[in-house]
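J.: Predicted structure and sequence below. I'll ask about it afterward.
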Amino acid sequence: MKLLIGTTNRNKLDQFTKIFERLDANLELFTLNDLGIKDDIEEDYDNLLDNAKKKARYYGEKSGIVTRADDTGLFIDALDGEPGVHTKRWHAGTDKDRYTKILERMKSVPKNKRTGRYMGVLAIYNPSTKVFWTYENKIEGVIAKKPKGAGGFGYDPIFITSYYKNYYSELTDVEKFAISHRGLGVKKFLIDFHLL
């Protein structure tokens with residue numbers, strides 16, 4: 001089976017490639033670059049599910065290949081859910097600029113009020129049948145007082161998971177795959193479609 005990894009985000013592409021390689025799935029993987037697709041889809045819905053489905057449908061229809069896309073957001077209780085669905089566009093600049101802005105806004109927030117969660121949706125679209133397969137998951141945690149760790153991307157250096165009690169940026173690939181919507185979702189998809 002052919003599967004297109006529908007993302008222009010290099011970090012996400014690397015994560016998904018590692019997940020599929022680790023699971024040794026019976027798939028022929030393609031990237032947007034492999035197919036010469038350079039379009040970057042605007043995530044203009046107010047929820048993760050519709051944003052993920054929009055990307056999967058667009059790239060699936062353009063390529064004619066079953067396509068996987070996802071959307072993720074960090075929802076912080078003390079900031080009334082910000083940065084939320086528009087996590088990447090919440091504040092201009094780099095990932096570091098964005099998580100530094102959060103730490104500035106939360107500098108007086110006590111530890112017991114620093115709760116939040118990563119929420120993610122994986123969407124897989126079949127352009128032949130026009131059918132979607134979706135998977136949703138969340139990872140509870142707290143926002144740290146200062147960044148730590150060199151791994152991961154986005155807000156990972158300031159997010160401490162409740163499951164591991166450790167910074168998301170310090171988790172190994174195996175640990176991330178065990179709790180993330182990407183790792184769990186891909187595995188469930190492969191099992192549901194008898195590809196694993």
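T.: Received the coordinates, thanks. Residues are numbered from 1 along each chain as shown.
J.: helices or strands up against the helix or strand of the chain with the lowest mean pLDDT?
T.: Averaged element by element with mean pLDDT, DSSP states H and E, the chain has its least confident helix or strand at helix 10-23 (a mean of 86). On a contact count with 3 or more Cβ pairs under 8 Å, 6 or more residues apart in numbering; DSSP states H and E, helix 10-23 meets strand 2-5, strand 28-31, helix 173-179, helix 181-192. In this view, the C-beta of every residue, glycine as well, is placed from N, C-alpha and C.
J.: Dump the ones you listed into CSV; add mean pLDDT and distance to residue 68 as well.
T.: Supplementary listing: the helices and strands packed on helix 10-23 in CSV, determined by pLDDT from 0 to 100; distance: least, Cβ to Cβ, whole Å:
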stretch, mean pLDDT, distance to residue 68
strand 2-5, 95, 6
strand 28-31, 92, 9
helix 173-179, 93, 15
helix 181-192, 93, 8
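J.: picking that back up, the least confident helix or strand of the chain: which residues count as buried?
T.: Buried residues in helix 10-23, counted by 16 or more other Cβ atoms under 10 Å: 12, 13, 15, 16, 18, 19, 20, 23.
J.: cool, stretch 77-97 as well?
T.: Neighbour-count burial for stretch 77-97, with 16+ other Cβ under 10 Å as criterion, is recorded at 78, 79, 82, 83, 84, 85, 87, 88, 90, 91.
J.: Over to stretch 121-131?
T.: Burial within stretch 121-131, assessed by neighbour count using 16+ other Cβ under 10 Å, is assigned to 121, 122, 123, 124, 125, 127.
J.: Quick check: pLDDT value at residue 107.
T.: Residue 107 is assigned a predicted lDDT (pLDDT) of 96.
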